[in-house]
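Asks: Have a look; sequence and predicted model below, questions after that.
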Amino acid sequence: MDPARIPLRVHPASLQGQLEKGIAPFYFLFGPEILLVEEALDLIRRKAREQGYGDRESHTVERGFNWDLLHGASQSISLFMEKKILEVRMPGGRPGDQGARALVDIAGIPPSPDTLLLMVSGPVDKRSQGSKWFQAVESVAVMVECPEVGGDRLPEWIAGRFRAQGLTADREAVRRLAHYVEGNLLAAAQQINQLCLLAEDGRITVDLVESIIADSARFSNFNFADACLAGSAGRAVRILGSLRMGQAEPILILWALTREVRVLCQLSAIRESGGNPNTQFRKHGIWRNREPGFRAALNRLSADRCRRILRRLARADLQLKGQAPLERRDIWEEIESIGLDVCGVRIP
């Protein structure tokens, strides 16, 4: 059997090496990190085009999806001998009963020789990974799992991206960048690309990281969060209005504020248990120039109120995704109301 066709599970970082051995007939890409999933997908597509896969057919699994159509498409042979990429996106990570049966059938019959089957999924939980359909797919496909990159893994991921560009990054520069982009790998990749263009002598320094972040639109999201922490209600409202006019993404604004409120919850819990939260600032990535804002917020907000604000932010995230009804006119008013809550201003 061709080594490329042996079913296995590979990390995105190892995918290039697997593809060099030859393209397998079936790939299943899944995981919570959308950036890594899409980059892996692009890599497979490029390699496939090099090997003559000139046609591409794409489907998305939604309610009422016709799995029989997919089964037929995977087995069809082109009349013009055109090699085809068949892409199937399954955002929810679960195919449903009909889809589960169809995937077992598809796994039992290899795709036609001129068809490359690419299935792209969101996260697949542990229970689903033990299901019959997943194990059937795993027995025949190359599984490309894209796990979450966070915590201690993020600095190494950032450093690795710089190394791939032939650059060296100072350890403190990597730490500062990881702090700013934690929880948003797409923003991290965008910042890294900009830094690579600006780096001199092949080195990424702390000063360069600070300058690019200060100049980026995304830093304005943190300006909004900082104004909220400081209790500057008027400034927070002005910044939010500016972000809205500049067509900023509400999801990034929510993410920045959620991140700071989550830290507030941890610090207020330390205070509640009799500890001194001021001694924990560096551990939580709070640098000296941001300490006054956190001190002001801790003096203003109780632990219970911090937790309540965090719940409001979680609900706003669902509202933005259309999974919960809006309580105000639009998501921008929801964000403004929450920001004012952090400022200590109660809005009915």
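Replies: Here it is on my side, so go on.
Asks: His59 looks like it's in a strand, true?
Replies: Yes - His59: assigned to a strand according to DSSP: H, G, I helix; E, B strand; the rest coil.
Asks: and it, how many neighbours?
Replies: Using other Cβ atoms under 10 Å, His59 is surrounded by 17 other residues. Backbone N, C-alpha and C define where each C-beta goes, glycine included.
Asks: quick one: what helix or strand has the closest residue to it other than its chain neighbours in it?
Replies: Excluding its sequence neighbours, the residue lying closest to His59 (Cβ to Cβ, 6 or more residues apart in numbering) is Val88, at 5.0 Å. Applying DSSP states H and E as the criterion places Val88 in strand 83-90.
Asks: re earlier: pLDDT at the residue nearest to His59, what is it?
Replies: Per-residue pLDDT puts Val88 at 91.
Asks: was I right about it contacting Asn66?
Replies: No - using Cβ atoms under 8 Å, Val88 makes no contact with Asn66, being 11.7 Å away.
Asks: So which of the two has more stuff around it?
Replies: Between Val88 and Asn66, Val88 has the larger neighbour count (other Cβ under 10 Å), namely 24 against 11.
Asks: Would you mind grabbing the residues shared as contacts by Val88 and Asn66?
Replies: The contact sets of Val88 and Asn66 do not overlap (Cβ atoms under 8 Å, 6 or more residues apart in numbering).
Asks: ok, now which ones touch the closest residue in space to Ser131 that isn't next to it in sequence?
Replies: The spatially closest residue to Ser131, leaving aside those adjacent along the chain, is Ala100, at 6.8 Å (Cβ to Cβ, 6+ apart). For Ala100, the contact set (Cβ under 8 Å, 6+ apart) comprises 131-133.
Asks: Cys343 now?
Replies: 227-228, 231-233, 236.
Asks: Mind doing that once more with 10 Å?
Replies: Listed by Cβ atoms under 10 Å, 6 or more residues apart in numbering, the contact set of Cys343 reads 227-237, 296-297, 300-301.
Asks: mind listing what the residue nearest to it when sequence neighbours are not counted touches?
Replies: Once flanking residues are discounted, Cys343 sits nearest to Ala233: 4.2 Å by Cβ to Cβ, 6+ apart. When contacts are counted by Cβ under 10 Å, 6+ apart, Ala233 touches 227, 336, 339-340, 342-345.
Asks: same deal with Asn193?
Replies: Shown in contact with Asn193 (Cβ under 10 Å, 6+ apart): 161, 165.
Asks: so how far is Leu301 from it?
Replies: From Asn193 across to Leu301, the span is 37 Å (Cβ to Cβ, to the nearest Å).
Asks: okay but Leu257 is in contact with Phe224, surely?
Replies: Yes - counting by Cβ atoms under 10 Å, Leu257 touches Phe224, with 6.9 Å between them.
Asks: Do a quick rundown of the strands in the stretch 201-348 of the chain.
Replies: Secondary structure of the stretch 201-348 of the chain (DSSP state E, counting those that start in this stretch): strands located at 203-204.
Asks: Near the residue nearest to Arg259 when sequence neighbours are not counted, how many other residues are there?
Replies: Leaving aside its chain neighbours, Arg259 sits nearest to Gly183 (6.2 Å; criterion: Cβ to Cβ, 6+ apart). Counted with other Cβ under 10 Å, the neighbours of Gly183 add up to 15.
Asks: State the helix or strand in which Gly183 lies.
Replies: Per DSSP H and E: nothing holds Gly183, as it lies in no helix or strand.
Asks: residues contacting it?
Replies: Counting by Cβ under 10 Å, 6+ apart, Gly183 has contacts 148-150, 154, 255-256, 258-259, 262.
Asks: In CSV: those residues, plus distance to Gly122, neighbour count and pLDDT.
Replies: Converted to CSV, those look like this (distance: Cβ to Cβ, whole Å; neighbours: other Cβ atoms under 10 Å; pLDDT from 0 to 100):
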residue, distance to Gly122, neighbour count, pLDDT
Glu148, 12, 14, 87
Val149, 16, 20, 89
Gly150, 17, 14, 77
Leu154, 20, 21, 91
Trp255, 18, 19, 90
Ala256, 23, 24, 89
Thr258, 20, 20, 94
Arg259, 22, 20, 90
Arg262, 23, 16, 93
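Asks: how much space between Glu334 and Arg312?
Replies: To Arg312, Glu334 is 8 Å away according to Cβ to Cβ.
Asks: Identify the contacts common to these two.
Replies: Joint contacts of Glu334 and Arg312 (Cβ under 10 Å, 6+ apart) are Glu327.
Asks: that's a strand at Glu38, yeah?
Replies: No - applying three-state DSSP, one finds Glu38 to be helix, outside a strand.
Asks: That one contacts Leu186, correct?
Replies: Yes - the pair Glu38 / Leu186 is scored as a contact, 9.3 Å apart, by Cβ under 10 Å.
Asks: which element is Leu69 on?
Replies: helix 67-75.
Asks: I'd like the mean pLDDT over that helix, please.
Replies: Helix 67-75 shows a mean pLDDT of 69.
Asks: Repeat that for stretch 188-207.
Replies: Averaging the model's pLDDT scores along stretch 188-207 yields 88.
Asks: please renumber so the chain begins at 37
Replies: Got it, first residue is 37 now, which makes that one stretch 224-243.
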